[in-house]
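>>> Kindly return the folded structure for what I paste below:
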Amino acid sequence: MTDALGGQFDFHLLARDRPFRAEEGCASRRTADRFTASYLRAGSGLPLRLLQTIHGLAPDLVWLNGFFDREFTLPLLLARRGGLLPGMSVLLSPRGEFNPGALAQKPRRKQAFVAFATRGRLLQTVALHATGALEENACRTLFPAHRTLQSAGNIRPLLVPLPHVPGDKVRLAFLGRITPVKNLHLALEVLAGATIPLQFDIYGPSEDAGYLQTCRALAERLPPHVQASFKGVLPQQQLATVLAETDLLFLPSAGENFGHAIFEALSCGVPVLISDQTPWTSLRLNGAGWDLPLGKKADFLEAIQAFAGYDEGTRLSMRANARALAEDHHRRNDAVSRTEIMLRELCAA
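Okay, here's the model as predicted:
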């Protein structure tokens with residue numbers, strides 16, 4: 001975003017000073033070529049510090065990422081409703097949180113949150129940002145009376161792929177947060193039925209200790225010829241290297257607004273095995289992988305075992321098709337221009 005539009009807008013990013021559940025924070029401020037970032041001390045008092053910082057900046061537009069957030073989004077929506085953000089437009093990007101698969105996780109809490117926002121008219125003067133038709137429909141379903149809906153796609157650069165590094169067994173990778181909506185447990189349940197040697201590397205932060213424990217228990221019960229490794233958070237600068245050593249991305253998530261990990265894998269020439277709950281469809285037709293219904297675990301296993309049986313030439317062809325699919329998406333994507341128009345309209349409002 002800032003690389004693409006930092007020359008047209010003055011971006012100031014506000015975030016917690018530490019990842020979820022981390023004990024130590026980072027420096028309070030960072031200045032880069034195209035943005036400035038302020039990291040606010042986590043804990044009690046964060047909403048007040050957030051509001052004070054925004055008043056000091058006095059921006060034309062406050063852009064909120066995520067709806068079900070009690071630290072940033074909820075306090076600012078309440079402040080907006082109470083008239084404490086004068087002269088500022090507010091844009092909210094749900095980032096896939098309104099999709100059915102995401103809403104199915106902890107549904108009672110989310111239903112209560114939506115009901116509170118609706119009764120309190122917290123979105124009355126807030127613009128909702130949908131990044132595609134799926135999310136636009138999800139926004140209209142959840143808030144049918146909401147009139148302000150901006151639509152602009154995700155801005156993602158193409159990664160530069162590194163040469164593929166073949167291994168002695170099929171190497172699968174999971175890239176994403178270790179949360180129920182990403183369905184890591186389902187991936188592990190599928191792999192429990194594999195009859196061929198497989199390596200499954202799991203990258204991503206854990207936000208639910210109980211769910212992580214469940215997934216580790218499933219990994220421990222895998223057959224000896226299927227090895228699962230929890231690798232932790234993958235630094236962005238190491239992403240291309242890891243994908244060069246990956247044969248197939250396995251990410252059967254319950255829903256994706258865009259699927260950044262999917263796009264990154266495709267851009268590095270990695271075929272993907274995903275659910276049919278993302279914008280990435282017709283993968284098999286394009287020779288770049290599979291998008292399958294979540295209710296048919298046997299189909300996921302069949303796809304993995306079929307992939308394992310492909311010769312090197314077929315796999316290289318799939319890698320070329322994956323890269324071509326990412327390039328085609330990037331070429332046709334008008335997200336930068338649409339986002340610029342959206343931001344200019346809101347800043348001028």
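>>> Need the per-residue pLDDT for Cys26.
pLDDT, Cys26: 63.
>>> same thing with Arg34?
pLDDT, Arg34: 83.
>>> Now do the nearest residue to it once chain neighbours are set aside: how many residues are near it, please.
Distance criterion CB to CB, 6 or more residues apart in numbering; nearest residue to Arg34, sequence neighbours excluded, is Gly6 at 2.6 Å. Quick note: C-beta positions are derived from backbone N, CA and C, even for glycine. Per other CB atoms under 10 Å, the neighbour tally for Gly6 reads 14.
>>> How is the chain divided into domains?
If you go by automatic domain parsing, the domain ranges for the chain are 2-153+333-348, 170-331.
>>> ok so, going back, need the contact list for the residue nearest to Arg34.
For Gly6, the contact set (CB atoms under 8 Å, 6 or more residues apart in numbering) comprises Asp33, Arg34, Phe35.
>>> and if you look at Leu92?
Trp63, Leu64, Phe67, Thr73, Leu77, Leu123, Val126, Ala127, Leu128, His129.
>>> Next step: these restricted to helices.
Thr73, Leu77 (DSSP state H).
>>> Pipe the contacts of Leu92 into CSV and attach neighbour count and distance to Lys110 per row.
Below are the contacts of Leu92 laid out as CSV (neighbours: other CB atoms under 10 Å; distance: CB to CB, whole Å):
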residue, neighbour count, distance to Lys110
Trp63, 18, 22
Leu64, 20, 16
Phe67, 25, 9
Thr73, 21, 13
Leu77, 24, 15
Leu123, 23, 15
Val126, 22, 18
Ala127, 21, 21
Leu128, 23, 16
His129, 24, 19
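>>> Make a markdown table from the contacts of Leu92 and add distance to Ala145 and pLDDT to it.
Formatted as a markdown table, the contacts of Leu92 follow (distance: CB to CB, whole Å; pLDDT from 0 to 100):
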| residue | distance to Ala145 | pLDDT |
| --- | --- | --- |
| Trp63 | 23 | 97 |
| Leu64 | 20 | 97 |
| Phe67 | 16 | 96 |
| Thr73 | 20 | 96 |
| Leu77 | 16 | 96 |
| Leu123 | 9 | 95 |
| Val126 | 13 | 94 |
| Ala127 | 14 | 94 |
| Leu128 | 12 | 95 |
| His129 | 17 | 94 |
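>>> For the stretch 51-200 of the chain, which segments count as strands?
Here the stretch 51-200 of the chain has its strands, by DSSP state E, counting those that start in this stretch, at 61-65, 89-93, 127-130, 149-151, 170-175, 198-203.
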